[in-house]
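> Here is the input, now give the coordinates:
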Amino acid sequence: RDTVLKDIRQEFDTIEDALLQNDAKIDSTRKRMKSLQSQFGNLLPAEIRKQIVDGEDLNNGVIYEKVVERQGVIVNRINDLQNNIAQLNRWEAEEHFGLKLHKVEFNIRVDS
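All right, here's what the predicted structure looks like:
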């Protein structure tokens, strides 16, 4: 009977050690998650960051959607600017050379 109790005690000790290790891993993971959330929050505009600090908007899904939406707006703005620049260059070329067709020749030298 003492041997069985000793074996049971060793099993409990092993389980307790495993639980302590898991707790340490969970704590470490929580700290890293907090750090990532902080870094993610620093990417947000000031007014959204203030809402989060004030507790108005703590839903991480909403925050992520807002960041993605903001990135989409920025990408659209960049595309619009590129299109505007392309159109301005086209107009300038048409003004300088006219609308008729032109033959263009390129001499390309390739150094080996």
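
> Could you check how far A93 is from G72?
32 Å (C-beta to C-beta, to the nearest Å). Heads up, the C-betas are built off the backbone N, CA and C, glycines and all.

> what stretches of this structure score poorly on pLDDT?
By pLDDT under 70, the low-scoring segments of the chain are 48-49, 51-61.

> Can you work out which other helices and strands pack against the host helix or strand of K6?
Secondary structure from DSSP states H and E places K6 in helix 2-42. Applying 3 or more C-beta pairs under 8 Å, 6 or more residues apart in numbering; DSSP states H and E, one finds that helix 2-42 contacts helix 46-53, helix 60-97.

> for the longest one, the distance to its chain's centre please.
So that's helix 60-97. 20 Å (C-alpha atoms, centre = their mean, to the nearest Å).

> Now that helix: buried residues?
For helix 60-97, a neighbour-count test (16 or more other C-beta atoms under 10 Å) marks 63, 67 as buried.

> Now do the contacts for the residue most central in space within the chain.
By C-alpha atoms, centre = their mean, the chain has its centre lying nearest to F40, at 7.5 Å. Applying C-beta atoms under 8 Å, 6 or more residues apart in numbering to F40 gives the contacts 63, 67.

> Against H102, how distant is it?
52 Å.

> can you check I85 too?
21 Å.

> Also L88?
19 Å.

> now do R1
From R1 to H102 the distance is 103 Å (C-beta to C-beta).

> Which one of these two is surrounded by more residues?
H102 (8 against 5; other C-beta atoms under 10 Å).

> What about the more buried one? Give its phi and psi, please.
Backbone geometry at H102, expressed as degrees, to the nearest 10, gives phi -130, psi 150.

> quick thing: my sequence starts at 45, can you match it?
In the new numbering, first residue 45, that becomes H146.

> list the contacts for it?
No residues are in contact with H146 under the rule C-beta under 8 Å, 6+ apart.
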